[in-house]
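Chemist: from the sequence below, what's the structure:
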Amino acid sequence: MLGGSGQTMEGFKGFPFREKEPMVKEYFKIKLGYYLAEIIIILVEPKKYDFIEMGLHHFLTMYAHLGMYSMGLLEVPMVIDILHDWGDLTLQFAKMFSETHFSKILGVSFLFNNIVWFYTRLYVFPIIIY
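Modeler: Predicted coordinates:
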């Protein structure tokens with residue numbers, strides 16, 4: 001669905017004694033740092049209308065990631081993060097163009113973001129869960 005072999009369960013062979021790839025740990029640490037930074041940003045910047053929802057979202061994400069880390073299940077949050085990263089990346093481009101006068105590029109980037117978001121979060125993610 002994303003260009004790989006489609007063998008998601010291969011990542012769990014040998015659990016819990018499987019040696020983690022070095023880049024898996026690095027990616028996990030980067031994502032953990034990102035979510036920690038998001039919590040700090042939410043607390044420091046002027047409060048928006050979605051303060052409680054976003055704060056709760058980032059706190060629970062950190063909680064889930066740390067829980068998975070403590071159980072040695074880095075593969076679970078990594079699969080979720082990779083799927084979510086594509087939609088987050090395209091969303092940042094749409095946000096960037098919303099601050100400019102390029103309305104046509106904004107429309108295209110917003111449309112592309114919606115396509116990526118629906119595909120990764122509403123099609124691929126449920127299939128992986130199933």
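Chemist: where does pLDDT dip in the chain?
Modeler: Low-confidence segments of the chain (pLDDT under 70): 1-6, 8-11, 16.
Chemist: centre of it to the edge, which residue is at the far end?
Modeler: Distance from the C-alpha centroid of the chain, by C-alpha atoms, centre = their mean, peaks at H101 (28.7 Å).
Chemist: which element is F15 on?
Modeler: Following DSSP states H and E, one finds F15 outside all helices and strands.
Chemist: spell out which residues make up each domain of this structure.
Modeler: 21-73, 76-130 (automatic domain parsing).
Chemist: so what's the nearest residue to M54 once chain neighbours are set aside up against?
Modeler: Sequence neighbours aside, I42 is the residue nearest to M54 in space, at 5.7 Å (criterion: C-beta to C-beta, 6 or more residues apart in numbering). Every residue, glycine included, has its C-beta placed from N, CA and C. I42 sits next to F51, M54, G55, H58 when contact means C-beta atoms under 8 Å, 6 or more residues apart in numbering.
Chemist: returning to what we had before: in JSON lines, list the domains of the chain along with distance to F12.
Modeler: Shown next, in JSON lines, are the domains of the chain (distance: least, C-beta to C-beta, whole Å):
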{"stretch": "domain 21-73", "distance to F12": "8"}
{"stretch": "domain 76-130", "distance to F12": "9"}
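Chemist: among the ones you listed, which is nearest F15?
Modeler: Distance to F15, taken as C-beta to C-beta, is lowest for domain 21-73 among the domains of the chain, at 7.4 Å.
Chemist: chain center to that closest one, what's the gap?
Modeler: How far domain 21-73 lies from its chain's middle: 10 Å, per C-alpha atoms, centre = their mean, to the nearest Å.
Chemist: same question, stretch 91-111
Modeler: 20 Å.
Chemist: span of that stretch from start to end?
Modeler: 10 Å (C-alpha to C-alpha, to the nearest Å).
Chemist: now the helices for the protein?
Modeler: Counting by DSSP state H, the chain has these helices, from start to end: 22-44, 51-71, 75-98, 103-117, 125-129.
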